[in-house]
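[1] Quick one: sequence and predicted model below, then my questions.
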Amino acid sequence: MNLEFQKNKDEAELAIAKLNRIKDKTALGGGQKRIDKQHDKGKLTARERIAYLLDPDTPSVEIGSLAGHEMYTEHGGCPSGGVVVMIGYVSGKQCIVVANDATVKAGAWFPITGKKNLRAQEIAMENRLPIIYLVDSAGVYLPMQDEIFPDKEHFGRIFRNNAVMSSMGISQIAAVMGSCVAGGAYLPIMSDEALIVKGTGSIFLAGPYLVKAAIGETVDQETLGGAATHSQISGVTDYMMEDDKSCLDKIRDIMDKLSITDPHQYERKQSIKPKIPTKEILGYIPESRKKPYDTREILDCIVDADSLVYYKEEYGQTIHCAYARIDGWPIGIVVNNREIVKTSKREMQVGGVIYSDSADKATRFILNCNQKKVPLLFLHDVTGFMVGTRSEHGGIIKDGAKMVNAVANSTVPKFSIVIGNSYGAGNYAFCGKAYDPRLIFAWPSAKIAVMGGAQAAKVLAQIQVSSAKKKGEVLSKADEDILVKNIEERYDSQTTPYYAAARLWVDDIIDPRETRTILSEALAMAAKAPIPKFNPGVIQT
């Protein structure tokens, strides 16, 4: 183990420690006092409910744990978007669980809450996963209703998706374990089966106060929409349960009787441990984004030993393309080369730049994976496509467009992990969020933006200096330096993985050592859904 390796590992461990501290704090939701209030009411918290529901000693993957991070501070914040989403196993069946966190503004829906719920439903629909809703919500957060209620990707889309999933044959189970108010009341009733907990669960279009204001009727909450009302009178719910645990036990019973075929759209072979132990992965990424490194060593920490088959290895060397297996599952991998590359024509320090020949190679590889029905994994450490006269004359725009076209039209399951930079059109070519990856994660070392902070600061500063000159103003060198520094600091704060995770540009930030396990679960999930016919569209050669 050399000094550089150990330094990289130490820096990565510090970044992971920071990530874990933030996640631990976020997991408290609205704080310990509100957790205690939940317990005083005989209720489990959202995370406790999920932990009890999921099969013990089975892998699970959280989605959006950092959603809402450092957002809505003027409203008191919204940790995890006020909802917990987990992919895991219930009675041996992989599913997705969505649980409102009543410790965060009584489970009210902020804009990011709606976005996160829609993301959970999108994952369920793409992968044909059963979905379980653990409902405990006061409904739309009224001070921000204009940002959550009326638009296409807002609150109402949830119920549209309920109906679509039903038509697709995707099982939906809803447990009303707290408030279920107004428009939110449709969610359990649009699910296949609905449970309600006595004493704490309630469903109504309008609560007692609004009923009084609207029609002058005085009624208590239990009579209006409690468990007995909806189980014995209205027939809205199917099961009345004594408490949270018995409710969750019943869900396990229902899932146990659920008949799910497991078609496995692609063949899984026996799993083989990686060539390099996965725990060593931290030592292979330099702390500085400017230093070259061998991304093939990263792959050797993730994929099954001796499974890598490199495609066009001597051509287009700024991108590596390879077939491999991860925990026995087949995968096609597209990853940037970050080494110093020497060819007969040139020597260059790659730094994550995509050249025309690399784009051509990646395009052909993506087409091949679709032809063979092999899932795709994109590992980002890309600064974008090469610029300058030579590249423009060589048709870099056309070659880049071919790669983006192939990614956009790809129908096999796609997964993305941002391990370093993900800048500009490189983000698109490597299947960023806009290109429908089934799941997309980031390492703590990730950065996502149009370009790096230093480059952006210089460009923006040049524009401002030119503007000042046109007005007859001349900035001193010191003033220009201050301007560049201020722009760079502001820009850099928006390129962090935390900024991206808060807004669900990535599904979560993960410990790099968990990459192989998460990808294995992701591939198991994706194997259940049919793969649509591939039509690449117009790709010029």
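    Great, that's in hand.

[2] Any stretches of the stretch 351-500 of the chain with poor pLDDT?
    Judged against pLDDT under 70, the low-scoring parts of the stretch 351-500 of the chain cover residues 351, 451-457, 460-461, 465, 468, 475.

[3] where exactly do the strands run in it?
    Listed in chain order, the strands of the stretch 351-500 of the chain (DSSP state E, counting those that start in this stretch) span residues 353-354, 376-382, 384-385, 414-423, 439-442, 447-449.

[4] pLDDT below threshold where in the stretch 51-200 of the chain?
    183.

[5] Count the residues that sit near the residue lying closest to residue 181 once chain neighbours are set aside.
    For residue 181, the nearest residue in space outside its immediate sequence neighbours is residue 139; the separation is 4.1 Å by CB to CB, 6 or more residues apart in numbering. Bear in mind the C-beta positions are built from the backbone N, C-alpha and C, glycine included. Neighbouring residues of residue 139 were enumerated by other CB atoms under 10 Å; the total is 20.

[6] any chance of the strands of the stretch 351-500 of the chain in JSON lines, plus distance to residue 189?
    Conversion of those to JSON lines gives the following (distance: least, CB to CB, whole Å):
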{"stretch": "strand 353-354", "distance to residue 189": "50"}
{"stretch": "strand 376-382", "distance to residue 189": "38"}
{"stretch": "strand 384-385", "distance to residue 189": "48"}
{"stretch": "strand 414-423", "distance to residue 189": "34"}
{"stretch": "strand 439-442", "distance to residue 189": "30"}
{"stretch": "strand 447-449", "distance to residue 189": "39"}
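
[7] Nearest to residue 30, out of those?
    Each of these was scored for nearness to residue 30 using CB to CB, and the closest is strand 439-442 (25.8 Å).

[8] hmm, back to that, quick one, phi/psi of the residue nearest to residue 181?
    The phi and psi values for residue 139, taken as degrees, to the nearest 10, are phi 90, psi -160.

[9] Please report how far it lies from residue 415.
    34 Å (CB to CB, to the nearest Å).

[10] picking that back up, and residue 204, which of the strands of the stretch 351-500 of the chain is closest to it?
    Go through these one by one with CB to CB and the one that ends up closest to residue 204 is strand 439-442, at 36.1 Å.

[11] quick revisit: in this structure the residue nearest to residue 181 contacts residue 186, no?
    No - between residue 139 and residue 186 there is no contact under CB atoms under 8 Å: 11.2 Å.

[12] on that earlier part again, of all the strands of the stretch 351-500 of the chain, which lies closest to residue 469?
    Of all the strands of the stretch 351-500 of the chain, it is strand 447-449 that lies closest to residue 469, at 27.7 Å by CB to CB.

[13] Now residue 365: closest residue in space, sequence neighbours ignored.
    Going by CB to CB, 6+ apart, residue 365 has residue 321 as its nearest residue, at 3.9 Å.

[14] rewinding a little: contacting residues around the residue nearest to residue 181?
    Applying CB atoms under 8 Å, 6 or more residues apart in numbering to residue 139 gives the contacts 108, 109, 179, 181, 182, 183, 184.

[15] Apply 6 Å and report the result again.
    181, 182, 184 (CB atoms under 6 Å, 6 or more residues apart in numbering).

[16] now these: which count as buried?
    Burial by neighbour count, judged by 16 or more other CB atoms under 10 Å, picks out 181, 182, 184 from the contacts of residue 139.

[17] thinking again about what came up before, quick one: which of the contacts of residue 139 sit in strands?
    For the contacts of residue 139, membership in strands holds for residue 181, with DSSP state E as the criterion.

[18] does the residue nearest to residue 365 count as helix, strand or coil?
    Three-state secondary structure (criterion: DSSP: H, G, I helix; E, B strand; the rest coil) places residue 321 in strand.

[19] Residue 378 versus that one, what's the distance?
    In this view, residue 321 and residue 378 are 11 Å apart by CB to CB.

[20] And residue 441, by the same measure?
    Residue 441 sits at a distance of 11 Å from residue 378 (criterion: CB to CB).

[21] can you list contacts of the helix or strand where residue 187 lies?
    For residue 187, the element it lies in under DSSP states H and E is helix 186-189. Helix 186-189 is contacted from outside by 159, 174, 176, 194, 236, using CB under 6 Å, 6+ apart.

[22] Would you reformat the residues you listed as JSON lines and include neighbour count?
    Compiled in JSON lines, these are given as follows (neighbours: other CB atoms under 10 Å):
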{"residue": "159", "neighbour count": "15"}
{"residue": "174", "neighbour count": "27"}
{"residue": "176", "neighbour count": "31"}
{"residue": "194", "neighbour count": "25"}
{"residue": "236", "neighbour count": "17"}
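
[23] In strands only, show me those residues.
    The strands, defined by DSSP E, take in 174, 176, 194 from these.

[24] what number of residues lie near residue 192?
    Residue neighbour count, defined by other CB under 10 Å, stands at 17 for residue 192.

[25] Then residue 516?
    What residue 516 shows, counting by other CB under 10 Å, is a neighbour count of 20.

[26] Residue 533 too?
    Each residue near residue 533 was counted by other CB under 10 Å, and the total is 7.

[27] can you pull the contacts of the closest residue to it other than its chain neighbours?
    Spatially, and ignoring its direct neighbours in sequence, residue 533 is nearest to residue 411 (7.0 Å; CB to CB, 6+ apart). Residue 411 makes contact with 531, 532, 534 under the criterion CB under 6 Å, 6+ apart.

[28] hmm, 10 Å instead?
    Neighbouring residues of residue 411 by CB atoms under 10 Å, 6 or more residues apart in numbering: 370, 373, 530, 531, 532, 533, 534, 535, 536.

[29] just residue 145 next, same as before
    For residue 145, the set of contacting residues under the criterion of CB under 10 Å, 6+ apart consists of 109, 111, 139, 154, 155.

[30] residues contacting the first one?
    In other words, residue 109. Shown here is residue 109, whose contacts under the criterion CB under 10 Å, 6+ apart are 78, 81-83, 100, 116-117, 137-142, 144-145, 148-149, 154-155, 158, 183-184.

[31] Show me which of those residues are buried.
    Applying 16+ other CB under 10 Å to the contacts of residue 109, the neighbour count classes 78, 81-83, 100, 116-117, 137-141, 144, 148-149, 154-155, 158, 184 as buried.

[32] So which of these are in strands?
    Per DSSP E, these map to strands at 83, 100, 137.

[33] Is the second one bridged to anything, and to what?
    This points to residue 100. Beta bridges link residue 100 to residue 83, judged by DSSP bridges.

[34] between residue 441 and residue 378, what contacts are shared?
    A shared contact of residue 441 and residue 378, defined by CB under 10 Å, 6+ apart, is any residue touching both; here these are 415, 416, 417, 418.

[35] Next, count neighbours for residue 299.
    The number of residues packed around residue 299, counting by other CB under 10 Å, is 25.

[36] Let me know the helix or strand that it is in.
    Taking DSSP H and E as the criterion, residue 299 maps to helix 295-302.

[37] Beyond that helix, next helix or strand please.
    With DSSP H and E, the next secondary element past helix 295-302 is strand 309-310.

[38] Quick one: residues in contact with that following strand.
    The list of residues contacting strand 309-310 from outside it, by CB under 10 Å, 6+ apart, reads 296, 299, 320, 321, 322, 323, 324, 332, 333.

[39] Next, give me the two most distant ones among those residues.
    When CB to CB is used, the two most widely separated members of the contacts of strand 309-310 are 296 and 332, lying 15.3 Å apart.
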